[in-house]
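**Student:** Sharing a model prediction with you, sequence too.
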Amino acid sequence: NAGVTQTPKFRILKIGQSMTLQCTQDMNHNYMYWYRQDPGMGLKLIYYSVGAGITDKGEVPNGYNVSRSTTEDFPLRLELAAPSQTSVYFCASSYGRDGNTIYFGEGSWLTVV
Amino acid sequence: GDSVTQMEGPVTLSEEAFLTINCTYTATGYPSLFWYVQYPGEGLQLLLKATKADDKGSNKGFEATYRKETTSFHLEKGSVQVSDSAVYFCALIQQGGKLIFGQGTELSVKP
């Protein structure tokens, strides 16, 4: 029972490098989300998607891009990594808009040096 | 805009002590409210929720009541255990399924 799977779990990037955080869910959920978690700041929404082919910006989208070509996958792209993007990233998914069905991945720890 | 404010941590308690973590919110309308828990090195798990005023959510001995008058959703537990040590997040849900989180409160329970 996989749920929401994120990779990689840990990554160190140099300033200016690019990378993609992968997110896959096997629950056939329409809604998917990317959050970042900074110490003492809670979680902030980066991007979200309400279905394949549809994405929209959240609170903190700058420096990131997403795509949603399939229901299962929702990758997050960092094009030019900056130290301010050092954070823990969580992918989540839900079937509908009701919050009790939101499932989170285990997180990806990213450090930009 | 919508926002959630939690009491600052860390909170350190002895085992079997009473726990309260305060949470207040600002929102348009009456959104559903949630408490999520994050154990070390893990993702977030839903702990409990309430969907309307005066609803009480409960799970694993934790409770929280949706108070419209005070715009609050305080988390309580009568007797904490070492295994309750985690970070607790209060959240509300906006239209479209987007969660707005508080900053989190770290709880440490000592034997």
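**Tutor:** Yes, it's here.
**Student:** Show me the contact partners of the worst-scoring helix or strand of chain A on mean pLDDT.
**Tutor:** Taking mean pLDDT, DSSP states H and E as the measure, the helix or strand of chain A with the lowest value is strand A:103-104, at a mean of 90. With CB atoms under 8 Å, 6 or more residues apart in numbering or on different chains as the test, strand A:103-104 has contacts from A:3-4, A:25, A:27, A:29, A:90-94, B:43-45. Quick note: C-beta positions are derived from backbone N, CA and C, even for glycine.
**Student:** One more: stretch B:97-105?
**Tutor:** Contacts of stretch B:97-105 (CB under 8 Å, 6+ apart): A:31, A:33, A:40-45, A:48, A:50, A:58, A:94, A:96-99, A:102, B:2-11, B:21, B:23, B:34, B:36, B:38, B:87-94.
**Student:** Buried subset of the contacts of strand A:103-104, written for ChimeraX?
**Tutor:** Listed next is the ChimeraX selection for buried residues among these, using 16 or more other CB atoms under 10 Å in any protein chain shown:
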select /A:4,25,29,90,91,92,93,94 /B:43,44
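**Student:** Let's have the contacts of strand A:103-104 in TSV, adding secondary structure, distance to residue A:76 and pLDDT.
**Tutor:** Below are the contacts of strand A:103-104 laid out as TSV (DSSP: H, G, I helix; E, B strand; the rest coil; distance: CB to CB, whole Å; pLDDT from 0 to 100):
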residue	secondary structure	distance to residue A:76	pLDDT
A:3	coil	18	91
A:4	strand	13	94
A:25	strand	14	96
A:27	coil	19	92
A:29	coil	16	91
A:90	strand	10	95
A:91	strand	8	96
A:92	strand	12	93
A:93	strand	13	92
A:94	strand	17	89
B:43	coil	15	84
B:44	strand	17	88
B:45	strand	22	90
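**Student:** between the contacts of strand A:103-104, which is nearest residue A:77?
**Tutor:** residue A:91 (13.1 Å; CB to CB).
**Student:** Could you find the closest non-adjacent residue to that closest one?
**Tutor:** residue A:23 (3.5 Å; CB to CB, 6 or more residues apart in numbering or on different chains).
**Student:** Now the one you found: which helix or strand?
**Tutor:** strand A:19-25 (DSSP states H and E).
**Student:** Buried ones in that strand, by neighbour count?
**Tutor:** For strand A:19-25, by 16+ other CB under 10 Å, it's A:19, A:21, A:23-25.
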